[in-house]
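>>> Build me a model from this:
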Amino acid sequence: MPLVSMKEMLIKARAEHRGVGGFLAFNYDSARAIAETAKKLHQPAIYIVGDQMALDMGGFARVTAMARSIADELDVEIALHADHYRSYEMIVGAIRGGFTSVMIDASRFPLEKNIELTKEVVKVAHACGVSVEAEIGRLPGNEGDEEVTVAEAFQTDPDEAAEFAERTGIDALAVSIGTMHGAYPKGFKPEINIPRLREIAAKVSLPLVMHGGSGTPEDKIAEAVQAGIAKINVATDLVTAYQQKIYQLQADDPDIRHNLDLFAAAKEAVAQVVEERMKLFAGI
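Residues are numbered from 1 along each chain as shown. From the prediction side, this is the model:
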């Protein structure tokens, strides 16, 4: 199956009160694990890839070739999404390289500047059949090369979200409702603002996106999906599962030398996390 944009799959998901996972495809093993699980569960999937990660993996065209070959072979509905890109030039590079969805993150700017930059991306992306996600509000934590403190973070204003969606023409809106990028600090209990999400959803008909899905309480994710969240990003949990499985096998057998066995086991650990999340998001 050819790679697709996120637009239709997320519109359908919100209408059916389901969530689609945006899973970090950080190497071939993880990409394969995500797609194989999607096929097993008859679910669509979104590969999320950061800008520096795409370059480290050989560039946009090579990442696209990997994603396309997996989607074709397994006949799975997959969107290839440029996640949290802050540069117009990098977004254009991702589109030229074959990505089917992009996120322009100008949430660090005031509302008018965010709208201005987002509209520029929407114009070029939609001309190429590429879906666009943007963000209003700021999540704390680490995202790529940017660190946002709790003091700098702020939750999405429902009225601003409605204005932003209407004026930009985006396809999906990422909102800040109490989640955090990366791993939650030890002992930190996330407070997910479901009432705020319901206010946003009442004013914004677009699919809404939850960033910071790793470590967020499952009951709150399920509640958020029912309240309008159609895409949930999961990155840290996948990388952690992959790493920890390799560390565990090496600790159990310090003399282990079969690298392919290590990687195969790590891939299965990623698949297990993906399966748990897909079932949670889709309510199956």
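>>> Now the top strand by length along the chain - C-alpha only, CSV.
Determined from DSSP state E, the single longest strand within the chain is strand 78-85. Extracted in CSV, the C-alpha atoms of strand 78-85 (Å, rounded to 0.1, in the frame of the first residue of the first chain):
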residue,chain,number,x,y,z
ILE,A,78,1.1,4.2,7.1
ALA,A,79,1.6,7.9,7.2
LEU,A,80,5.2,9.2,7.3
HIS,A,81,5.2,12.3,9.5
ALA,A,82,7.9,14.9,10.0
ASP,A,83,7.5,15.6,13.7
HIS,A,84,8.2,18.9,15.5
TYR,A,85,9.9,20.6,12.6
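>>> chain center to the helix or strand following it, what's the gap?
Sequence-wise, the next helix or strand downstream of strand 78-85 (DSSP states H and E) is helix 88-96. Distance of helix 88-96 from the chain centroid (CA atoms, centre = their mean, to the nearest Å) equals 18 Å.
>>> Grab the longest helix from the chain for me.
Longest helix in the chain by number of residues (criterion: DSSP state H): helix 259-282.
>>> which SSE is the closest residue to residue 211 other than its chain neighbours in?
Among residues not flanking residue 211 along the chain, residue 233 sits closest, at 4.9 Å (CB to CB, 6 or more residues apart in numbering). From N, CA and C alone the C-beta is placed, and that goes for glycine too. Under the criterion of DSSP H and E, residue 233 resides in strand 229-234.
>>> returning to that earlier point: now for the longest strand of the chain, which elements pack on it?
The elements that strand 78-85 packs onto, with contact taken as 3 or more CB pairs under 8 Å, 6 or more residues apart in numbering; DSSP states H and E, are strand 45-49, helix 51-56, helix 60-74, helix 88-96, strand 101-104.
>>> contacts for it?
Here strand 78-85 makes contact (CB atoms under 8 Å, 6 or more residues apart in numbering) with 1, 3-6, 9, 22, 35, 38, 44-51, 54, 63-64, 67, 70-71, 90-91, 94, 98-105, 131, 133, 143-144, 233.
>>> which of those residues are buried?
Among the contacts of strand 78-85, those classed as buried by 16 or more other CB atoms under 10 Å are 3-6, 9, 22, 35, 38, 44-51, 54, 63-64, 67, 70-71, 90-91, 94, 98-105, 131, 133, 143, 233.
>>> still on that earlier bit, which ones are touching the residue nearest to residue 211?
Residues in contact with residue 233, defined by CB under 8 Å, 6+ apart, are 21-24, 48, 83, 209-213.
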